[in-house]
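**Student:** sequence first, predicted model second:
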Amino acid sequence: MLATSAGASTGPAPLRYSVAVEEGLDVDPAEFAKIVDQTLAHDRGWRSVGDHEFERVASGEEIRILLATPDTVDQLCAPLDTKGDVSCRNEDRVVINAKRWFFGAEPFQRPLREYRQYVINHETGHAFGYPHQSCPQPGTPAPVMLQQTLTMEGCSPNPWPADGPPH
């Protein structure tokens, strides 16, 4: 089930992406797509730290952003062992774990909306080739590439690439 909309980016060649929700999840695909679109288009997102642009397409995507059940995440993320608990980027897929979409993560002590922005930005960052990062200094905003689902390492939660240390 693929949610689509029109809208093209200008500037450098945009990363073409599609958005989908696993069938059977109690999530409106259009609402999920709207959150993904708004997160990727946000001024504090990847556009501001690497001149990254995005274009959602119905086909011919470079990455597919998929909201999936923990079991499906395990399958699509293999050989990474997600233990049904985390999201991933594997090949041309950004796979968002529905468990996290619905409940967030204990270390990330902010509203669920912000956690959702974080997980979209974090996994999309992997699609751009950014590796995991550590907290540079306790009390500072976490780099978006810190695994904030698992630990904050003393940093404060941060969903945005532009609000953390340089990449």
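**Tutor:** That came through, no problem. Residues are numbered from 1 along each chain as shown.

**Student:** could you use CA atoms for every contact and neighbour count after this?
**Tutor:** Fine.

**Student:** do you have the strands of this structure handy? List them.
**Tutor:** Ranges of strands in the chain, per DSSP state E, are 2-3, 15-21, 54-56, 63-68, 88-90, 93-97.

**Student:** and the fourth one, how far out from the chain's middle?
**Tutor:** What it means is strand 63-68. Distance of strand 63-68 from the chain centroid (Cα atoms, centre = their mean, to the nearest Å) equals 9 Å.

**Student:** tell me the buried residues in stretch 64-71?
**Tutor:** The neighbour-count check on stretch 64-71 (16 or more other Cα atoms under 10 Å) flags 64-70 as buried.

**Student:** I'd like the average pLDDT over it.
**Tutor:** Stretch 64-71 shows a mean pLDDT of 97.

**Student:** what's the answer for stretch 151-162, then?
**Tutor:** 95.

**Student:** so which of the strands of the chain gets nearest Gln148?
**Tutor:** Nearest to Gln148, of all the strands of the chain, is strand 88-90, at 13.0 Å by Cα to Cα.

**Student:** direction included, what does the closest one pair against?
**Tutor:** Paired with strand 88-90 in the same sheet, following DSSP bridges, are strand 93-97 (antiparallel).

**Student:** confidence-wise, which helix or strand of this protein is lowest on average?
**Tutor:** For the chain, counting by mean pLDDT, DSSP states H and E, strand 2-3 ranks last in confidence among helices and strands (a mean of 38).

**Student:** got the contact list for the residue nearest the centre of the chain?
**Tutor:** Most central in the chain under Cα atoms, centre = their mean is Ile120, positioned 1.5 Å from the mean C-alpha point. Contact analysis of Ile120 by Cα atoms under 8 Å, 6 or more residues apart in numbering lists 36, 39, 96.

**Student:** most surrounded residue in those?
**Tutor:** Ile96 (24 neighbours; other Cα atoms under 10 Å).
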